[in-house]
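[1] Sequence and predicted model, in that order:
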Amino acid sequence: MRIDRFHTSWVGSRSSVRKWLEQFMHYYNRQRPHQALDGKMPVEEVLN
């Protein structure tokens, strides 16, 4: 998601934005496999 699109489409409070971003970063770095890392998650690549 492009950041400028995010800023113009979010409807909510700053605390809800912060919570959403924290959840997204957790998913992106700790749960979602990445093709560039041969299906590994970034956290696996960093810790190994």
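    All right, it came through fine.

[2] what about the longest helix anywhere in the chain, distance to the chain center?
    Ranked by residue count and defined by DSSP state H, the top helix of the chain is helix 14-30. With Cα atoms, centre = their mean, to the nearest Å as the basis, helix 14-30 stands 6 Å off its chain's centre.

[3] What of stretch 24-37?
    7 Å.

[4] Let's see it as PDB, backbone CA atoms only.
    Output in PDB follows, covering the C-alpha atoms of stretch 24-37 (Å, rounded to 0.1, in the frame of the first residue of the first chain):
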ATOM      1  CA  PHE A  24       0.600  -5.100  10.200                       C
ATOM      2  CA  MET A  25       4.300  -5.000  11.000                       C
ATOM      3  CA  HIS A  26       4.000  -8.100  13.200                       C
ATOM      4  CA  TYR A  27       2.200 -10.000  10.400                       C
ATOM      5  CA  TYR A  28       4.600  -8.700   7.700                       C
ATOM      6  CA  ASN A  29       7.800  -9.600   9.600                       C
ATOM      7  CA  ARG A  30       6.800 -12.600  11.700                       C
ATOM      8  CA  GLN A  31       4.000 -14.500   9.900                       C
ATOM      9  CA  ARG A  32       4.100 -13.700   6.200                       C
ATOM     10  CA  PRO A  33       6.500 -15.800   4.000                       C
ATOM     11  CA  HIS A  34       8.500 -13.700   1.600                       C
ATOM     12  CA  GLN A  35       9.300 -14.900  -1.900                       C
ATOM     13  CA  ALA A  36      12.700 -13.100  -1.900                       C
ATOM     14  CA  LEU A  37      13.700 -15.100   1.200                       C
END
